[in-house]
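Colleague: What follows is a protein structure lacking sequence information:
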């Protein structure tokens, strides 16, 4: 698998729990779908999932196992102590995080490494 970072990739999901996310496959105007930006089962990429209500958020690395199925492979940051979030019912935004989000995650990981934190 190659690691890819693409711009303007966004979708929604109503999936719940800690498993794979089924994407709606209908990005908002001006955005691309995950399937149009990434090769199914070949590309890994950063993702963010944020509940439209509440405080659930997860940022990680994943891949598509099918054109609308996001596999949450490795969590980098989450509202669940940096573990997979058990997402509740409701619509969630799913997107490729921008440079600031990725920079903050990278800095937090580096800080943890430097100071022996998990």
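Modeller: Yes, it's here. Please read all numbers here as calculations on a predicted model, not as lab measurements.
Colleague: going forward, measure contacts and count neighbours with C-alpha atoms only.
Modeller: Will do.
Colleague: what sits against residue 57?
Modeller: 48, 49, 50, 51, 78, 79, 85 (Cα atoms under 8 Å, 6 or more residues apart in numbering).
Colleague: Separate out the buried members of those.
Modeller: 48, 49, 50, 51, 78, 85 (16 or more other Cα atoms under 10 Å).
Colleague: Residue ranges in the chain under the pLDDT threshold?
Modeller: Applying pLDDT under 70 to the chain picks out residues 1, 3, 99-118.
Colleague: Kindly recompute the last result at 50.
Modeller: Judged by pLDDT under 50, the chain has its weakly predicted residues at 117-118.
Colleague: Need the residue closest to the centroid of it.
Modeller: The residue lying closest to the centre of the chain (Cα atoms, centre = their mean) is residue 47, at 2.3 Å.
Colleague: re earlier: in strands, which of the contacts of residue 57 fall?
Modeller: 48, 49, 50, 51, 78 (DSSP state E).
Colleague: now those residues as TSV including distance to residue 7?
Modeller: As requested, the ones in strands among the contacts of residue 57 are exported to TSV (distance: Cα to Cα, whole Å):
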residue	distance to residue 7
48	13
49	16
50	18
51	21
78	22
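Colleague: Stretch 32-49: how far from the chain's middle?
Modeller: 9 Å (Cα atoms, centre = their mean, to the nearest Å).
Colleague: Pull out the buried positions in that stretch.
Modeller: By neighbour count on 16+ other Cα under 10 Å, the buried set for stretch 32-49 is 32-35, 38-41, 43-49.
Colleague: Show residues contacting it.
Modeller: 1-6, 8-11, 25-27, 57-68, 92-97.
Colleague: repeat for stretch 61-81
Modeller: Contacts for stretch 61-81 (Cα under 8 Å, 6+ apart): 19-25, 34-35, 38-47, 55-60, 82-85, 105.
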